[in-house]
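Student: sequence first, then the predicted structure, then my questions.
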2 protein chains.
Amino acid sequence: MATKAKKSAKKRAGKIQYVYEFGKKTDGDSKMKELLGGKGANLAEMARIGLPVPPGFTITTEVCTYFYDHKRSYPKTLAKEVKAAVTTVEKQLGKKFGDTKNPLLFSVRSGARESMPGMMDTILNLGLNDETVEALAQKSGNERFAYDCYRRFIQMYGDVVMGVQPESENDHEPFDEVMSQLKKEVKASEDNDLTVDDLKELIKRYKALIKKKTKGAFPQDVYEQLWGAVGAVFSSWQNERATIYRQKYNISAEWGTAVNVQAMVFGNMGDSCATGVAFTRDPANGEKVFYGEYLINAQGEDVVAGVRTPNPIAMLADEMPKSHAELVKVCAKLEKHFKDMQDFEFTIEDTVLYMLQTRNGKRTGLAAVRIAAEMVKERLINEKTAVQRIPADSISSLLVPVFDAAAAKKAKPLTVGLPAGPGAATGHIVFSAAAAERHAEDGVKCVLCRVETSPEDLRGMIASEGILTSRGGVSSHAALVARQMGKVCVCGAADVEIDYAKKTLRVGKTVLKEDDYISIDGTTGEIFAGQIPTAPSEVDQVLNGKLKPAKSYTFQMFDSVMKWADKYRKLGVRTNADTPAQATSAVAFGAEGIGLCRTEHMFFEGDRITFMRQMILAGDETERRKALKKLLPFQRKDFTGLFKAMGGRPVTVRLLDPPLHEFLPNDDAARRAVAEALNITPEVLTARIASLHEENPMLGHRGCRLGISYPEITEMQARAIFEAAAACLNAKKKVDVNVEVMVPLVGFAKELKLQSDLIHKVAAEVMEAKKVKIKYLVGTMVEIPRAAVRSAEIAETAEFFSFGTNDLTQTTLGMSRDDAGAFLGDYKELDILPQNPFASIDQAGVGKLVELGVEGGRSTRKNIKLGVCGEHGGDPASIKFFHGVGLNYVSCSPPRVPVARLAAAQAALA
Amino acid sequence: MATKAKKSAKKRAGKIQYVYEFGKKTDGDSKMKELLGGKGANLAEMARIGLPVPPGFTITTEVCTYFYDHKRSYPKTLAKEVKAAVTTVEKQLGKKFGDTKNPLLFSVRSGARESMPGMMDTILNLGLNDETVEALAQKSGNERFAYDCYRRFIQMYGDVVMGVQPESENDHEPFDEVMSQLKKEVKASEDNDLTVDDLKELIKRYKALIKKKTKGAFPQDVYEQLWGAVGAVFSSWQNERATIYRQKYNISAEWGTAVNVQAMVFGNMGDSCATGVAFTRDPANGEKVFYGEYLINAQGEDVVAGVRTPNPIAMLADEMPKSHAELVKVCAKLEKHFKDMQDFEFTIEDTVLYMLQTRNGKRTGLAAVRIAAEMVKERLINEKTAVQRIPADSISSLLVPVFDAAAAKKAKPLTVGLPAGPGAATGHIVFSAAAAERHAEDGVKCVLCRVETSPEDLRGMIASEGILTSRGGVSSHAALVARQMGKVCVCGAADVEIDYAKKTLRVGKTVLKEDDYISIDGTTGEIFAGQIPTAPSEVDQVLNGKLKPAKSYTFQMFDSVMKWADKYRKLGVRTNADTPAQATSAVAFGAEGIGLCRTEHMFFEGDRITFMRQMILAGDETERRKALKKLLPFQRKDFTGLFKAMGGRPVTVRLLDPPLHEFLPNDDAARRAVAEALNITPEVLTARIASLHEENPMLGHRGCRLGISYPEITEMQARAIFEAAAACLNAKKKVDVNVEVMVPLVGFAKELKLQSDLIHKVAAEVMEAKKVKIKYLVGTMVEIPRAAVRSAEIAETAEFFSFGTNDLTQTTLGMSRDDAGAFLGDYKELDILPQNPFASIDQAGVGKLVELGVEGGRSTRKNIKLGVCGEHGGDPASIKFFHGVGLNYVSCSPPRVPVARLAAAQAALA
């Protein structure tokens, strides 16, 4: 166990210090989280800056390590150190541990480097025994309080330290059972109904229970109690619950926990007492207000347990104005010192305030942005810190339409699917793309509910407010398109049963019919029956000119953070866009170019699909060229629009990529139409369609293989691109063009050479004919392992690489995005995969091939342009990786552009 | 052009020699093929060893390089050297080039480092003009002969050097047209009917034609003729035909051709003349007999052109006994000198024998083996040379059933498909597996003809003599199974149209019906209508104990070659076998273990498929375990049989690998049976089947992903393996067992760890229960790129790697074996791929990942066992690669084992 803690221990010359005191004399500070744990380090820090912390001491994580390395024993010097620390506390408070007059009581709590809430054990009221309890009764003037503390202590100690626990899953908690029995006997309905005598009887019975179950006795010696509790806390580091939690959150078992022993303070000694948890700012929206809740006459656990409903902290200003004022000052002091929003626990004992814990508060995305932005204004932190502190994904929460907060609070989700397209949507249920289009024409909002979606549903998806699917993961067609279009989407909601025939959507016993209202939250994955009103984001309104920047505080925050990000990032950020509308929206979000224009998406609209089908199902090259000729003007128009929207920014156009059968007609009418257009019988058409069937279309006749088999397709697409470019350049209002023609799915250098030669030939022809010089590059996607491995060779022709990490993941992992749903759940549960490899790049595997690709590409062509398109381009962890391997840019869907800008800055600052 | 030739030229200090003479004085030898070309070097060598070579000289390949580097001009010193060489020839023969009394004539021929038959140009009878033709007439006493030579020369020269050629594809050859016209005029039906005067007229007209077409005149100056011819030969190196040929056979354009200028000798000067081509041994079967054919009174081209049918060489013993005897001596001398079977050309001019060319003769596989084996016996070559000289694939030709040679000779193939399972088969046409089984029961031989095959056809395939498919490549299911079972198979015969409904098989206009006879040759891919008798190989008969080794010369040859191979190879050779019968056959062929036992093949037989389906379609783990329990005894029995057959040799068992839906019932009856067994409605069953559908099954829920999702499957298989092992070890007649449990499709170290832990647990349980120690390893297949990239990590658990290069090729290239047929043709034609990557490993791409895998594996576990299973394990080029990267063994289908042994030896000797 060569932990860091161990190493740092060795560094300290001479005797190793195992116990760190805090209080009037404080040994530690907030930087010592590895040695003292988070709680211990921050208790020390609070003590240092003069906040009212009950004195105590921390037994270091090194002792935990020693404990497990030495058969659960302690270092020799520990006992002496603990004794000395207890003495310090005794002196400071004028009480004595185990004293029968003025007894000192302790709480014993765990505290690891990272918070593991509720995973390890805690003992309160330690130091009570048959004699000290009497002293506590006298001192507090509250006999019932004292005996209640004692019986709670015995119960906790008996359970945690002495192991008196239910023998099987069906058994009741044994102490609870004893208490229930007593309550029955004395006819008490609540715990509070028990008299002091009842409590004394209960204590007797508790002790008897321990004796019976353990053959030992509840210890009266307070040091025996203390060592028992310390051992139990260290032992709980390896309990099953904690072990599973650590695996899940990737916390090393070698870190160990510290043990915090602290003088007890009581929030439950009467109505001049209270306990609470609070935040220095609102963790939900980031507003700079004192936020929290408290209970009068209660112990900390009562606030969390939810037995009594706590009061909002503002009420404390009325009930205990002095304490409230003190707390407001504490807030300011904490933030000034910790430079971040704090989440803290406090107890008021007899009007005196005590701080029991503080830590950086968890917050929503929105709050993260607001707090960081405002703290820069308040000069608490600088821009770099602000940029680094906002989880990059959070910025999205400023951009999505959301449910009206009040309405959403009341609603209860039917079930939860995968959050696939952030935002909130509400509308009538429709089960087909056609129905969605009909509703849209009538101005009726609807949510498209499908088992899964296909390219044929595209128009229906556009017409809907949101998309719900019962099958398919976050990389399914529905999710991909939704993100691309910024549509709200919940996918793979396995509990949802959709019956197209009956036109029903069932979740358990709830059955919704077509046209019933449904609401979905693509940020959380929640699905609600009924209508919940939504609101568009202010940032969108400003970017679309519907709202003045000055009128939107949200936009101002967004804008500040984005400007800071752009100041520090090194990676360029482009977008994946297929239409001028998407391109314009992405530019508004800060995209510096198009990294991926998927030309095939252009083939589904209007009549084009018909010509596309004619092209695919043509019997020979002549017929194919005839259909291509009809497609050319459409493509040219599309590209012209795209170039205009991008105004001279680089535009990467990928040539036709998907297997051709994706475009084939599924229904009889469409088939008949194609057969007629081609002047062939339906039988011949059916045979041609059948001949296009593939076992594994992902690995089939697609990508540049199409252009190799049918060079006339590449020729047409190249012509459309260059003619569009020429038109822009030659227009009265000249538009600059900077186009990058991308050949997909290249594995062999010669594939690219052949396609590249053809593209250059067409470019030369167009430039000659239109008397214009077009700025363009020809490059390739690196999306199959062979391309990564042979990148040096391919770079002889390629002027740029774009890593298509979606397909590269599929091939490197041998894992189909469409089919992985069947086992990815098991894989996550068994911790085989740290995350969905289609959402965040598998750095060790796929990433290795990206590295090989970069290396090879640069070895041949020093200045080769390197980018990444595909889903990973919008994922912060992946962006950090891409920054690390030295790509020039990432490209992602328009709504992810701000996330990518921020993540790129964080990568550069890391 | 930094060719080797150029470099070697620079090495020779001082003046560069461009012309190498041969004859009485000879400058070159057979080792100088790079500089003199194959033909030139061997002419020199023959001259050196005293064979009667007409004198001449070779202009080196360096001149060709110079020619192309210097705008088709020659080195300054060349003319002088040529002149000198001509003078040498003149002196030697007492003739003079261009002399009007005793003219010397030359042939001018190309000759590259490697033979490119018919690709480049040749000029004969060079040196004839209006005057020398007269001299030739006088000298030969045969005016007609002389003028015929002259008109042939003008025609050849006009065509090749002066470019008088048809102007379009539809035009006739212009010289032929002129001759036809003349023949019409003089009413001559054959060329031979033309008189001397006719020939003179023809010559006039030929000259006029040249004048008209080229605005130049046919040159009368013999040196002008010579330089024209030399230039034409050099130019023909870059003609389209030659360029395509070079691309196809991977010959570098930079090598260049030499030009051989040699004194003409005439086989067509009368009946004391002859010309022929001959082999020192029979190139078809390797027998040591003088073999060849000749024509009396003919030029060399006549033998090849096939206008007259040549006589077998034996007849020459009667017609020209002296020359025949001389030739027999020449044969002996050639073989003694060249140490290999020679293919040579000769001309007899007026009873005098001249040698015009010799080279190593091409031969069939059978002949290659026999010649090598016998040459060792004759002490012409040693064992190492013999092993290296036999193309490894050739050994297969000793092992396959073949068509009766006489019958096959008469048959004409209907069409040709891909040769997928070597050997010959004949039988009745059946179109379904069921029909094949019925026929087999009745003892009727049949050939299963399918569009493609699926695992459900397995029993039908076993029942057939051979398999013919109209779709799918050499790695399709049909081909794979055929090779595995040693079945004759022709696949992907695109011209064959199979109509299941009409039960017809159509090729063009030929329509065959069910039960008609068909014959297929899986070695050549030929398909014949009707019955052609077959014969089993003698080697098989010996190995099966049906023939004594002493009775079979074929077997003795086979045995010798295999023993030599085993002496030199370093790679182990295992086999892919799923049944004891296959295993036994493979051991007979020399397999040293099983490298791949595909357990899923075991699930198709008999009742097992029913239980398998119950397992797959089970609703929960309990139901699944119930079905698995029924499968366990079958698996245990299978493994017991396999272990017994292998008697202690290593047996690698791969756990369940293919996607489960491969096992699903396709027909209603089978579906009903499964539904009943599972006690569910057909609707529920249909839904479950639908839920197993995958978009890309190759990348889906298969391999270890099944074992991860359903550990109970792995558990059952492990139990079956270890219980079988225990049974063998505990049997009265103890059988040693050495088992390697292989987890398929691992990409993540933890996948293997989880499966491996489970396997070790089951092993421990069985060993404890059966009180026996089982020798076993647990390892994995490396078959997806991630496994190769993370091999170091995976080797922490894996005790062996087996590279599954079939799937590794699919994923690395992003190319589905089942679907690649759609474009592999284009890819081959465009030379994107040097060969089918599923037949021979893509060394640059997939090979790179194998290297990474080997490196990583050995870095973690120095002695990790490394092998390869899958199709590439039987491919000689791939085996050479695997030897190079340091694998321990290859594994291939049983009939490929001898090929692999030989290829492994060749790799070691290379």
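Tutor: Arrived safely, thanks for sending. Numbering: from 1, shown residues only, chains lettered A, B, ... in the order given.
Student: name the residue of the stretch 151-300 of chain A that lies nearest to chain B.
Tutor: Nearest residue of the stretch 151-300 of chain A to chain B, counting by C-beta to the nearest C-beta: residue A:247, 11.4 Å away. Any C-beta I mention is one placed from the backbone N, CA and C, and that applies to glycine too.
Student: where does the nearest residue to that residue once chain neighbours are set aside sit: helix, strand or coil?
Tutor: Once flanking residues are discounted, residue A:247 sits nearest to residue A:831: 5.9 Å by C-beta to C-beta, 6 or more residues apart in numbering or on different chains. Using DSSP: H, G, I helix; E, B strand; the rest coil, the three-state assignment for residue A:831 comes out as coil.
Student: likewise for residue A:162?
Tutor: Going by three-state DSSP, the secondary structure assigned to residue A:162 is coil.
Student: would you map the strands across the stretch 501-650 of chain A?
Tutor: Across the stretch 501-650 of chain A, reading from the start of the chain, the strands by DSSP state E, counting those that start in this stretch fall at A:504-507, A:510-513, A:517-521, A:526-529, A:534-535, A:572-576, A:594-598, A:650-654.
Student: got it, and the stretch 101-250 of chain A?
Tutor: In the stretch 101-250 of chain A, the segments counted as strands under DSSP E, counting those that start in this stretch are A:103-104, A:106-112, A:122-126.
Student: so which elements touch the first one?
Tutor: Counting by 3 or more C-beta pairs under 8 Å, 6 or more residues apart in numbering or on different chains; DSSP states H and E, the packing neighbours recorded for strand A:103-104 are helix A:78-93, strand A:96-97, helix A:132-140.
Student: and the helices in the stretch 651-800 of chain A?
Tutor: Taking DSSP state H, counting those that start in this stretch as the criterion, the stretch 651-800 of chain A contains helices spanning A:668-678, A:682-691, A:704-709, A:711-730, A:749-770, A:785-789, A:791-794.
Student: just to revisit the earlier point, weakest of the strands of the stretch 501-650 of chain A in terms of mean pLDDT?
Tutor: Set side by side, the strands of the stretch 501-650 of chain A show their lowest mean pLDDT on strand A:534-535, which sits at a mean of 79.
Student: list the neighbouring strands of it plus their orientation.
Tutor: strand A:402-403 (antiparallel) (DSSP bridges).
Student: pick out the residue in the stretch 351-500 of chain A sitting closest to chain B.
Tutor: Counting by C-beta to the nearest C-beta, the stretch 351-500 of chain A gets nearest to chain B through residue A:471 (9.2 Å).
Student: what's around that residue, how many residues?
Tutor: A count of neighbours around residue A:471, defined by other C-beta atoms under 10 Å in any protein chain shown, yields 19.
Student: hang on, it packs against residue A:452?
Tutor: Yes. The criterion here is C-beta atoms under 8 Å, and residue A:471 meets it with residue A:452 at 4.6 Å.
Student: before we move on, the earlier item: so which of the helices and strands packed on strand A:103-104 is nearest chain B?
Tutor: With C-beta to the nearest C-beta as the measure, helix A:78-93 is the member of those nearest chain B (37.1 Å).
Student: by contact count, what packs against the closest one?
Tutor: strand A:19-22, strand A:56-59, strand A:96-97, strand A:103-104, strand A:257-263.
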